[in-house]
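> sequence and predicted structure below; questions after.
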Amino acid sequence: MLMVVALLFVGYAAWDLSRRWESGSVEVDWVLVFVSVVPLAIGSFLQGFGWIALIRGTTKADVPTGPALSLYLDSQLARYTPGKVGLPVVRMAGAKRIGVAAGAVGSSLALEMLSWVAVGGIFGFALLSATSQHSAGVTQVMGRWGLPMLAACALGLIVLLAVDRRRFPGFVRRLLKAEGTGALVPPVLPLVQSLYWLSWAAHGYFVSCSVGLDGTGSIATSGLYVLAPVAGFLALAVPAGVGVREAVLAVGLAPTLGSAPALAAALLSRGVSLVADLVAWAVARLVRNDKAPPK
């Protein structure tokens, strides 16, 4: 069902851009594009450290930082496979290397993604709610759904952080391998994920500036760069949200920037995020330590 919705939205975005299309060239400030790589590369590491904190908390194992971070970034590249199946496969296949069971890694991935979507939704909608008066395009995308979606994401995060796992239905606990007591997600995870989403907002600011939007408008639209990856992730069958993420950005930016610069910003953001993933992965490989964890 989500795949059908995603395809319909991408089709709508293409129609909307063609309707608004204006001929002309787009001038790109490549220095700002290069700068926009930096926050995303930092964000990749932050997200990795958040997952390491989660897996340590859920398994109580002495997970080695270097191999775990390398495994995490390997799996991030694997999300470009159809259906994103490469991400869990790679991470669970490397579980032995970091001294934990594959099932524990799988359940940690589910918890991580639940928190990731909730924090991203809160951060993105809150940022747009605070700044959208400066951008007609952002207001149009949010419509009447912005505040309800913000409330839904906040409620989901509160459940993950505050409700004892013993209160969840038995099938949920078995699925997540949530044994013992306490909340499903430790507070450190959404804290780190907030910093991760802040890196996306900073990336969006620089990309919007690079195609000609002023500073105020770039701040106002930065929340779109947070919500676009969330929307792309929810389209589960689409590799790394390709098409969906670009559609959200293009439709949201077009009323403010114009159709051509909006499409350019969406494509630049995709290229920059791929480069940032590769940079983070390469750096992690350089510092990787494959020594077996102590028994």
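Ah, there it is. Numbers count the residues shown, from 1 in each chain.
> going forward, measure contacts between C-alpha atoms and count neighbours the same way
OK.
> need phi/psi at Ala183.
Torsion angles at Ala183 (phi, psi; degrees, to the nearest 10) stand at phi -70, psi 160.
> once you drop chain neighbours, what's closest to it?
Once flanking residues are discounted, Ala183 sits nearest to Asp164: 4.6 Å by C-alpha to C-alpha, 6 or more residues apart in numbering.
> ok, that neighbour to Phe171 distance?
With distances taken as C-alpha to C-alpha, to the nearest Å, Asp164 is found 15 Å from Phe171.
> so these two - more neighbours on which side?
Neighbour count, other C-alpha atoms under 10 Å: between Asp164 and Phe171, Asp164 has more, with 15 against 9.
> for the residue nearest to Ala183, what are phi and psi?
According to degrees, to the nearest 10, Asp164 has phi -60, psi 140.
> where do the helices of this structure begin and end?
Secondary structure of the chain (DSSP state H): helices at 2-20, 30-35, 37-59, 65-78, 86-93, 102-131, 136-142, 146-162, 170-176, 188-210, 215-221, 224-234, 244-257, 259-286.
> which among the ones you listed is found nearest to Gly182?
Smallest distance to Gly182 across the helices of the chain (C-alpha to C-alpha): 8.3 Å, for helix 146-162.
> quick one, the closest one and helix 102-131 angle?
140 degrees (axes from the mean of the first three to the mean of the last three C-alpha atoms, to 10 degrees).
> what comes into contact with helix 146-162?
115, 117-119, 121-122, 125-126, 129, 183-187 (C-alpha atoms under 8 Å, 6 or more residues apart in numbering).
> kindly reformat the residues you listed as JSON lines containing pLDDT, neighbour count and distance to Asp62.
Shown next, in JSON lines, are the contacts of helix 146-162 (pLDDT from 0 to 100; neighbours: other C-alpha atoms under 10 Å; distance: C-alpha to C-alpha, whole Å):
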{"residue": "Ser115", "pLDDT": "88", "neighbour count": "23", "distance to Asp62": "23"}
{"residue": "Val117", "pLDDT": "87", "neighbour count": "21", "distance to Asp62": "27"}
{"residue": "Ala118", "pLDDT": "87", "neighbour count": "26", "distance to Asp62": "28"}
{"residue": "Val119", "pLDDT": "90", "neighbour count": "27", "distance to Asp62": "27"}
{"residue": "Gly121", "pLDDT": "86", "neighbour count": "26", "distance to Asp62": "32"}
{"residue": "Ile122", "pLDDT": "86", "neighbour count": "27", "distance to Asp62": "32"}
{"residue": "Phe125", "pLDDT": "81", "neighbour count": "26", "distance to Asp62": "37"}
{"residue": "Ala126", "pLDDT": "82", "neighbour count": "17", "distance to Asp62": "36"}
{"residue": "Ser129", "pLDDT": "76", "neighbour count": "18", "distance to Asp62": "41"}
{"residue": "Ala183", "pLDDT": "76", "neighbour count": "18", "distance to Asp62": "20"}
{"residue": "Leu184", "pLDDT": "77", "neighbour count": "26", "distance to Asp62": "19"}
{"residue": "Val185", "pLDDT": "82", "neighbour count": "25", "distance to Asp62": "18"}
{"residue": "Pro186", "pLDDT": "84", "neighbour count": "17", "distance to Asp62": "17"}
{"residue": "Pro187", "pLDDT": "88", "neighbour count": "13", "distance to Asp62": "19"}
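> if anything else comes up later, I'll come back, but that's it for now.
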